Structure formats: C-alpha cells, structure tokens
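Undergrad: Sequence plus the predicted model coming up.
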Amino acid sequence: MEKIGMEMVVEEIFSRLPTKAVDRFKILSKYFRKELSTNNFELKHSRRAGNSLKKKLLSLKYESIVVDDIIGGNLELDTSKRITFPYDIHPSYLRIISSFNGLLLVCNERILCELMLWNPTTGRYKLISDDYFNHRFDRNSDTGGMYFDQFDDLKVIHIKCCRNVGTTRVYSRRLDSWRKIDFLKDSKLASSSYSWSPATYCGKTIYFMVSNYWFPPGERNIVTFDVISESFSVLCFPERMEVNPCQGHFLSISNNLHVIVVGRAVELKADLYKLEHDDWVKVFSFDNPHILDYQAKMQRTNIIQDKKWLITSIWGDFVEVDLCNEAFNYLQHVDNYNGPKGALFIETTVSPFEYKL
C-alpha cells in the first residue's frame with residue numbers, strides 16, 4: 001500500500017510540479033531520482049506542461065540568449081531573463097533546428113557544425129554529432145527534428161542532401177548511437193536547388209516543407225515521415241493555397257497541423273490553414289503582412305512582440321504580421337514554433353540523456 005501511495009504521489013502530484021521543483025526533489029533521495037527520471041514520468045510531465053497556455057520563448061540575440069514568458073499568447077516582458085549556453089559559444093553561432101517536449105535541437109555553426117540536444121530549463125545538454133551540415137554546401141539542404149517512437153525512445157532524425165544525393169540517419173537516446181534509414185528513392189528533392197524546412201511533429205508524423213527556389217518558380221512539396229514505420233512520402237502542395245511565389249511554414253496548434261502560407265499575387269498576403277480530414281481549411285488571413293527593412297529587422301528582438309508575429313518567406317526576408325483579436329486568441333494555443341530569431345518551448349524534465357537504472 002505504501003508503494004502504491006508513493007506511485008500515486010509521483011504520478012498525480014509530482015507530474016504537476018514546475019520543472020525546477022521536480023529537479024530539487026531528485027536530489028533528496030535515490031528513490032525520487034529514479035522515479036522522477038523515468039520515460040513514463042517525463043512523458044506525463046511534458047504532456048501536462050504542453051496543455052498549459054504558459055510557454056517560454058527563447059530568443060537568440062546578437063550578444064545574449066533571452067527567455068521570456070508567453071502567457072495566453074502574450075509576451076510578458078517583465079519576466080525576461082538571460083541564460084547562458086552550457087559551454088562558451090557566441091549566440092550568433094547558434095541555430096535552433098527544432099523544439100520538442102522541452103528539448104531544443106541546436107546546431108553550433110562555428111566549429112564542425114556540432115548538433116546538440118539541450119534542455120534550457122534544466123541546463124542539461126548532450127553533443128550527438130559533429131557533422132550536421134557541410135560548410136561547402138547550403139545549410140538549408142540539411143534539416144532535422146525530434147520525436148518519441150512507439151517504445152518511448154527519444155529519436156532525432158537528420159536529413160542530409162549533398163551533391164544530389166539524400167541520406168537519412170536516426171539517433172536513439174536510449175542506445176546513444178546513429179543508424180541510417182532509407183531516404184526517398186530517386187528523389188529530385190535531394191538536389192541543392194531545394195530547401196528543406198525544420199521538422200514539425202504532429203500525430204506520429206513529421207512534416208517538412210521542401211521548396212525549389214529556381215525551377216519551376218515557387219514549387220513546393222510536403223514530405224512526411226511516419227515515425228512508426230520510418231518511411232517517407234511526398235504530398236503535393238494543395239492547389240487552393242498556390243500563389244506564386246509563396247512559401248509555407250508548418251506549426252502545431254492544439255496538436256493539430258497548421259501551415260502559414262506567405263505569398264505575393266498583386267500584394268503580399270499571409271494566410272493560416274488547418275489540416276482537417278486530409279483537407280486544408282483556411283482559418284483566417286493575417287492583417288498587414290509586410291517585409292521588414294534591414295534596420296527594422298536588426299531592431300526586432302523577439303518573434304512575438306506587441307501583438308505582432310515574425311515569420312520568414314521563401315526570399316529569406318523577415319515578414320511581420322499584425323495579430324487581431326481573432327488571430328491572437330487562436331494562436332495562444334500554439335504548441336511549438338520555430339522563428340527566424342528563436343523558438344517556443346515548454347518547461348519539462350525531459351533529459352538529453354537516457355536515465356540508467
């Protein structure tokens with residue numbers, strides 16, 4: 001009965017505590033350290049954190065790394081605090097590849113293009129690769145993402161496109177090793193003409209937007225990766241969203257896949273679509289989409305600020321949109337989002353390391 005009672009305390013009470021409080025309990029006893037480090041507890045704690053309207057926004061500024069609270073979609077400036085990366089590296093060399101369950105997949109572009117798992121809440125990190133992309137080629141040809149497989153093993157997928165050949169490998173946190181898996185066969189998408197977006201995880205599937213900058217103009221493809229079968233498929237970009245040139249940006253809202261389509265017909269436009277029953281449904285159009293000039297881009301410090309949102313377009317420009325009440329209320333339920341200067345994340349106990357009994 002005592003054991004059952006403690007298990008209930010861990011499951012129902014500790015899983016609701018803030019991450020830093022959980023970390024303090026871990027140092028009290030070996031029992032707490034063991035129970036609060038299991039995959040089951042990490043997943044339960046991260047699910048509860050993900051259901052909250054409170055998120056964190058990590059911004060990579062030129063001289064510092066800053067974390068702000070996002071409460072109900074609103075940036076709380078008085079909560080802003082600086083944090084440091086686990087080892088000495090200038091923030092300008094860091095690039096966030098993916099955000100998932102409190103972990104960030106980060107690339108150090110200064111030396112050997114190191115790829116790291118980092119929990120900015122606990123400060124724990126792990127170097128998992130030193131060859132994320134090759135300096136001789138466009139970094140947009142490489143991409144990656146994170147997910148949990150059916151056995152609750154944290155995985156990292158890395159796609160590398162070099163000299164018109166695509167390769168894919170998967171890292172296992174449990175095994176602390178990489179292995180290669182099959183890429184898209186005979187795929188033109190491995191060409192250096194194509195740019196791959198960061199991964200967006202939703203419903204046991206990872207989504208990539210793959211765009212051709214050159215020919216045909218504005219060609220886009222949706223590449224999906226099934227995390228159970230570890231297989232790829234290619235979907236055509238829906239015709240109803242076609243505007244040339246345009247670019248799509250995936251994001252997850254309330255655990256549903258969405259895409260922001262930025263395009264120019266007569267004038268610049270930005271629309272939000274939601275995937276429902278294998279069909280894309282338009283949610284709303286953003287107000288006042290506009291490209292920031294160089295000075296405004298340098299002064300902009302957050303991807304969310306003063307009810308404005310910063311996104312990118314196919315041309316590499318920074319596009320800013322205004323958030324009306326409808327858009328603001330809808331977007332406060334964003335699960336994760338990577339922007340040009342940072343990413344949203346949730347505070348969790350998920351570790352870059354697998355806990356060993």
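TA: Ah, there it is. Numbers count the residues shown, from 1 in each chain.
Undergrad: Around residue 104, how many other residues sit close by?
TA: Here the neighbour count serves as a burial measure; for residue 104 (other CB atoms under 10 Å) it reads 23. For every residue, glycine as well, the C-beta is placed using N, CA and C.
Undergrad: any idea of the pLDDT on it?
TA: Reading off the confidence values, residue 104 has pLDDT 93.
Undergrad: Point out the other helices and strands that the helix or strand containing it packs with.
TA: Secondary structure assignment for residue 104, by DSSP states H and E: strand 103-108. Contact analysis of strand 103-108 by 3 or more CB pairs under 8 Å, 6 or more residues apart in numbering; DSSP states H and E lists strand 94-100, strand 114-118, strand 142-148, strand 342-345 as its packing neighbours.
Undergrad: got those strands as TSV, with mean pLDDT, mean neighbour count and distance to residue 263 columns?
TA: As requested, the helices and strands packed on strand 103-108 are arranged in TSV below (pLDDT from 0 to 100; neighbours: other CB atoms under 10 Å; distance: least, CB to CB, whole Å):
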stretch	mean pLDDT	mean neighbour count	distance to residue 263
strand 94-100	87	22	25
strand 114-118	90	22	32
strand 142-148	89	23	22
strand 342-345	84	24	24
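Undergrad: Redo those strands as a markdown table? Include distance to residue 289.
TA: Shown next, in a markdown table, are those (distance: least, CB to CB, whole Å):
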| stretch | distance to residue 289 |
| --- | --- |
| strand 94-100 | 23 |
| strand 114-118 | 32 |
| strand 142-148 | 25 |
| strand 342-345 | 20 |
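Undergrad: Show the contacting residues for the closest residue to residue 323 other than its chain neighbours.
TA: Of all residues not flanking residue 323 in the chain, residue 307 sits nearest, at 4.6 Å (CB to CB, 6 or more residues apart in numbering). When contacts are counted by CB atoms under 8 Å, 6 or more residues apart in numbering, residue 307 is found next to 322-323, 328.
Undergrad: Which of these has the largest number of neighbours?
TA: With neighbours defined as other CB under 10 Å, the most crowded of the contacts of residue 307 is residue 323; it has 20 neighbours.
Undergrad: And that one, how far from residue 250?
TA: Using CB to CB, to the nearest Å, one obtains 19 Å as the distance from residue 323 to residue 250.
Undergrad: how many neighbours does residue 192 have?
TA: Taking other CB under 10 Å as the neighbour definition, residue 192 ends up with a count of 15.
Undergrad: next one: residue 234
TA: 13.
Undergrad: and if you look at residue 65?
TA: 17.
Undergrad: Surely it and residue 83 touch.
TA: Yes - A contact is recorded between residue 65 and residue 83 when judged using CB atoms under 8 Å, the distance being 5.3 Å.
Undergrad: any shared contact partners between the two?
TA: With contacts defined as CB under 8 Å, 6+ apart, the residues shared by residue 65 and residue 83 are residue 58.
Undergrad: show me where pLDDT drops low in the stretch 251-357 of the chain?
TA: Counting by pLDDT under 70, the stretch 251-357 of the chain contains low-confidence residues at 265, 298-303, 312-316, 339-341, 356-357.
Undergrad: Report the backbone C-alpha coordinates of the strand holding residue 104 in CSV.
TA: The C-alpha coordinates for strand 103-108 follow below in CSV (Å, rounded to 0.1, in the frame of the first residue of the first chain):
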residue,chain,number,x,y,z
LEU,A,103,14.2,20.0,-25.6
LEU,A,104,15.9,22.1,-28.3
LEU,A,105,17.9,20.6,-31.2
VAL,A,106,20.6,23.1,-31.6
CYS,A,107,23.4,23.5,-34.2
ASN,A,108,26.7,25.2,-33.4
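Undergrad: partner strands of that strand, parallel or antiparallel?
TA: strand 94-100 (antiparallel), strand 114-118 (antiparallel) (DSSP bridges).
Undergrad: and residue 326, what does it touch?
TA: residue 284.
Undergrad: Helix or strand next in line after the helix or strand where it lies, which one?
TA: Mapping residue 326 onto the secondary structure by DSSP H and E places it in helix 325-331. Secondary structure here is assigned by DSSP H and E; on that basis, the next helix or strand after helix 325-331 toward the C-terminus is strand 334-336.
Undergrad: Can you name the residues in contact with the strand holding residue 104?
TA: Under the criterion CB under 8 Å, 6+ apart, residues 58, 89, 93-99, 113-120, 132-133, 144-146, 154, 156, 343, 345, 348, 350, 352 lie in contact with strand 103-108.
Undergrad: Any chance of JSON lines for the contacts of residue 307, columns distance to residue 283?
TA: Listed next are the contacts of residue 307 as JSON lines, based on distance: CB to CB, whole Å:
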{"residue": "322", "distance to residue 283": "16"}
{"residue": "323", "distance to residue 283": "13"}
{"residue": "328", "distance to residue 283": "13"}
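Undergrad: how many neighbours does residue 82 have?
TA: Here the neighbour count serves as a burial measure; for residue 82 (other CB under 10 Å) it reads 10.
Undergrad: The one 5 residues further on now?
TA: Other residues within reach of residue 87, judged by other CB under 10 Å, total 9.
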